[in-house]
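Student: Sequence and predicted model, in that order:
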Amino acid sequence: MPQKIPSAKIGKVLASIFWDQDGILLIDYLPKGQSINTECYMSLLVQLKDILKAKCRGKVTKRVLFLHDSALAYWAFATQKKLAYVGFQHLDHSPYSPDLAPSDYHLFPQLKNQLKGCHFSSDAEVIAAVET
């Protein structure tokens, strides 16, 4: 467990996490000062497709149902074309439902519990704790 440092604060670490019913498939950490854009997200979709091919041989036969939240990079026309190209069928959120994804109920509560009250002195410590 990371050492508790009372006043040490660092910036945020942005992670894109892709998972299925069996667990996490891909975690990508964005470099400091960058934000997710369409080009970055499309690159992640290609990585995810390759990981699915390797990890799920025989399981993925026809299509992958893909759900993501409503960030602008995810809804760009180029991203929609890339989803179709890699063979992912996009699932829409209902227009009147809150923008809550299954990650908000399944993945993040466990992570928040594990990291609650911890302070980190570097991004590398944050990433190591998340990976654990």
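Tutor: Looks like it came in fine.
Student: For the rest of this, base every contact and every neighbour count on C-alpha atoms.
Tutor: Fine.
Student: what's the nearest residue to Gly87 once chain neighbours are set aside in contact with, if anything?
Tutor: Nearest non-adjacent residue to Gly87, counting by C-alpha to C-alpha, 6 or more residues apart in numbering: Arg63, 5.9 Å away. Residues in contact with Arg63 (C-alpha atoms under 8 Å, 6 or more residues apart in numbering) are 87-89.
Student: Can you say which of the residues you listed are buried?
Tutor: Phe88 (16 or more other C-alpha atoms under 10 Å).
Student: Asp22: which of the contacts of Arg63 is nearest?
Tutor: Phe88 (17.9 Å; C-alpha to C-alpha).
Student: does that closest one really touch Val64, like I thought?
Tutor: Yes: counting by C-alpha atoms under 8 Å, Val64 is a contact partner of Phe88 at 4.7 Å.
Student: where does this structure have low pLDDT?
Tutor: Along the chain, segments meeting pLDDT under 70 span 1-11, 58-62, 69-75, 93-106.
Student: could you pull out the helices for it?
Tutor: If DSSP state H is used as the criterion, the helices of the chain fall at 38-55, 72-75, 77-86, 102-106, 108-115, 123-131.
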